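> just to be clear, the model below is a prediction. Sequence and coordinates:
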Amino acid sequence: MNIIDIIEKKKNNVELNDEEIGFFVKNYTSGSITDYQAAALIMAICINGMTQDEILSLTMHMAHSGDVLDLSDISKNIVDKHSTGGVGDKVTLIVTPIIASLGIPVAKMSGRGLGITGGTADKLESIPGYNINVSLEQFKKSVLKVGACLASQTMDLAPADKKIYALRDTIGCTNSMPLIASSIMSKKIAAGANSIVLDVTCGSGAFMQDTAKAKELAKLMVLIGKLAGRKTICVITNMDEPLGRMVGNSLEVIESVESLKGNMEKDVKNVVYALCTEMMLLSGKYRDRNKCTSAIDETLSSMRAYNKFKELVANQGGDVSYLEDTSKFAVAPIISPVISDNEGFVEELNAYKVGKAGVNLGIGRLQKTDTIDYRVGFKFEKKVGDRVNKGDILAYVYANSPEKAVEAIEAIKEAYKFGPDELHKKDILDVVM
């Protein structure tokens with residue numbers, strides 16, 4: 001068996017068997033298979049897809065390519081949450097401390113930005129001192145001590161996925177359903193949680209751009225979860241426009257802090273409450289949806305969730321003073337308004353166009369080796385359904401050069417569409433279990 005034959009087989013749209021998939025995962029992880037060979041196979045998968053058996057095989061081989069964490073000594077029921085990614089998606093930074101403050105342990109391994117979608121790991125690293133790279137032993141200790149840990153995927157945990165995940169970002173293979181499903185579920189299986197809530201984003205700023213595809217992905221991941229013995233629920237959320245007001249690494253941390261203090265944007269609140277509710281029900285600690293809502297309200301109003309976030313950050317070396325005074329975060333040298341040339345109601349703020357503009361600005365990466373700028377991003381003053389007059393400020397661009405500011409202003413203008421009528425956006429599209 002060799003990688004050339006496996007590439008040829010998949011190129012010709014022939015189903016790979018479990019042994020062949022296992023050979024690829026094992027040898028790419030060890031370095032025996034090169035990046036360019038792996039890229040060829042990944043591209044063939046992206047073009048031709050995979051059968052259900054292939055996806056399950058790839059998921060399980062990636063999950064077992066390194067350590068598989070056992071967290072049963074911490075709790076019999078630990079909940080994990082994961083998003084398929086989006087623009088302005090800072091939900092993990094809000095949901096994790098809420099759930100942990102309610103006495104439900106959260107074990108969360110997060111990735112970096114992929115394509116136009118932001119990465120929780122990058123956002124956390126915008127907090128000075130925050131150590132995203134913890135050992136598996138430290139990961140377990142943090143969950144036991146704080147009730148939660150937000151860490152990056154270590155080289156010991158699903159290392160095959162970490163390599164494939166980074167490679168996909170640089171070869172245009174981010175929105176492949178088999179690769180998305182296997183990537184997410186391999187991390188979830190390896191990370192040790194036995195209850196998983198997945199935020200399947202759907203829309204222009206997501207990998208799945210229509211509801212039918214999002215449901216298909218959700219059903220696939222629920223099936224994988226069940227076959228792996230994990231309770232799994234998928235909440236399909238709207239990602240046609242950026243979530244919340246802020247897009248950018250440190251800007252999203254700032255918005256998360258404000259959200260934990262109770263100042264939450266409507267769309268963020270709808271998504272956060274929906275995901276928290278499913279996590280609370282899945283944990284077994286809560287059985288009534290209304291009681292879940294009341295508990296979330298209380299932990300936010302009492303500042304327990306905010307204080308839990310500070311505890312989590314401090315435990316991983318982060319400078320909590322930045323959360324107590326968010327004006328301490330470094331600010332981009334150029335902040336420029338985006339002025340409306342139109343009037344009417346906002347009927348579209350295209351998340352894909354915003355995400356693409358963000359990558360060009362420095363929020364994300366075009367190549368694995370690119371350095372991101374934590375300071376840059378956008379603050380939106382007008383979103384779908386808002387009334388706009390000519391001369392109104394639609395948004396602010398945070399840029400590190402005049403040239404990039406000008407480019408971003410034009411890109412954001414192109415992301416907006418206006419109409420005569422007020423539209424009402426649905427934030428939660430479906431739940432699959």
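Perfect, thanks for sending it.
> chain center to whichever strand or helix holds residue 406: distance?
In this structure, residue 406 is located in helix 402-415 according to DSSP states H and E. How far helix 402-415 lies from its chain's middle: 25 Å, per Cα atoms, centre = their mean, to the nearest Å.
> check which element follows that helix along the chain.
Following helix 402-415 in sequence order, the next helix or strand is strand 416-419 (DSSP H and E).
> mind listing what's buried in the helix holding residue 406?
404-405, 407-409, 411-413, 415 (16 or more other Cβ atoms under 10 Å). Placement of C-beta: from N, CA and C, glycine included.
> closest one to residue 42 out of those residues, please.
Checking the buried residues of helix 402-415 against residue 42 by Cβ to Cβ gives residue 411 as the nearest, at 28.8 Å.
> dump the helix holding residue 406 to CSV, restricted to CA.
The C-alpha trace of helix 402-415 is given here as CSV (Å, rounded to 0.1, in the frame of the first residue of the first chain):
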residue,chain,number,x,y,z
PRO,A,402,-4.2,53.8,5.3
GLU,A,403,-4.2,51.6,2.2
LYS,A,404,-5.8,48.7,4.0
ALA,A,405,-8.4,51.0,5.5
VAL,A,406,-9.4,52.3,2.1
GLU,A,407,-9.7,48.8,0.7
ALA,A,408,-11.7,47.6,3.7
ILE,A,409,-14.1,50.6,3.6
GLU,A,410,-15.0,49.8,0.0
ALA,A,411,-15.4,46.1,0.8
ILE,A,412,-17.7,46.8,3.7
LYS,A,413,-19.8,49.1,1.5
GLU,A,414,-20.2,46.3,-1.0
ALA,A,415,-21.3,43.9,1.8
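> what does it contact?
With contacts defined as Cβ atoms under 8 Å, 6 or more residues apart in numbering, helix 402-415 is touched by 334, 336, 338, 341, 348-350, 353-354, 356-357, 360-362, 376, 378, 394-395, 397, 399.
> can we see that at 10 Å?
With Cβ atoms under 10 Å, 6 or more residues apart in numbering as the test, helix 402-415 has contacts from 204, 241-242, 332-342, 348-358, 360-362, 373, 376-378, 380, 394-399, 401.
> quick check on those residues: which are buried?
204, 241-242, 332, 334, 336, 338, 340, 348-358, 361-362, 373, 376-378, 380, 394-399.
> distance from stretch 289-303 to the middle of the chain?
24 Å.
> rounded mean pLDDT for it, please.
Averaged across stretch 289-303, the pLDDT comes to 98.
> give the buried residues for it.
By neighbour count on 16+ other Cβ under 10 Å, the buried set for stretch 289-303 is 292, 295-296, 299-300.
> output the below-cut-off pLDDT ranges for the stretch 51-200 of the chain.
Residue ranges of the stretch 51-200 of the chain with pLDDT under 70: 114-115, 153-155.
> please, where are all the strands along it?
79-83, 106-110, 148-152, 195-202 (DSSP state E, counting those that start in this stretch).
> got a markdown table for those strands, with mean neighbour count too?
Formatted as a markdown table, the strands of the stretch 51-200 of the chain follow (neighbours: other Cβ atoms under 10 Å):
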| stretch | mean neighbour count |
| --- | --- |
| strand 79-83 | 27 |
| strand 106-110 | 25 |
| strand 148-152 | 25 |
| strand 195-202 | 27 |
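> could I get those as JSON lines with distance to residue 237?
Output for the strands of the stretch 51-200 of the chain, formatted as JSON lines (distance: least, Cβ to Cβ, whole Å):
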{"stretch": "strand 79-83", "distance to residue 237": "8"}
{"stretch": "strand 106-110", "distance to residue 237": "17"}
{"stretch": "strand 148-152", "distance to residue 237": "20"}
{"stretch": "strand 195-202", "distance to residue 237": "6"}
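> between those, which gets nearest to residue 257?
It's strand 148-152; of these, that one is closest to residue 257 (Cβ to Cβ) at 14.3 Å.
> surely residue 76 is in contact with residue 284?
Yes. With contact defined as Cβ atoms under 10 Å, residue 76 counts as touching residue 284 (8.9 Å).
> of the two, who's got more company?
residue 284 (13 against 9; other Cβ atoms under 10 Å).
> contacting residues around that one?
76-77, 79, 104, 195, 231.
> try 6 Å
residue 77 (Cβ atoms under 6 Å, 6 or more residues apart in numbering).
> residue 152 reaches residue 132, doesn't it?
Yes. Residue 152 lies in contact with residue 132 (Cβ atoms under 6 Å); the separation is 4.4 Å.
> shared neighbours of those two, which are they?
With Cβ under 6 Å, 6+ apart as the test, residue 152 and residue 132 both reach residue 121.
> just the closest of the buried residues of helix 402-415 to residue 200, please.
Closest to residue 200, out of all of the buried residues of helix 402-415 and judged by Cβ to Cβ, is residue 415, at 22.8 Å.
> what about the closest residue to the closest one other than its chain neighbours, helix or strand, and which?
With sequence-adjacent residues excluded and distances taken as Cβ to Cβ, 6 or more residues apart in numbering, residue 415 is closest to residue 353, at 3.9 Å. Assigned by DSSP H and E, residue 353 falls within helix 351-361.
> and the next element down the chain from that helix?
strand 377-380.
> so how far is residue 86 from residue 112?
15 Å (Cβ to Cβ, to the nearest Å).
> higher neighbour count, the two?
Taking other Cβ under 10 Å, residue 112 and residue 86 do not tie; residue 86 has more neighbours (30 against 23).
> got the phi/psi numbers for the more buried one?
Main-chain dihedrals, residue 86, degrees, to the nearest 10: phi -170, psi -170.
> show me what contacts it?
Residue 86 touches 117, 201, 205-206, 239, counting by Cβ under 6 Å, 6+ apart.
> one more time with 8 Å, if that's ok
So residue 86 contacts 117-118, 201, 203, 205-206, 239, 242-243, 351 (Cβ under 8 Å, 6+ apart).
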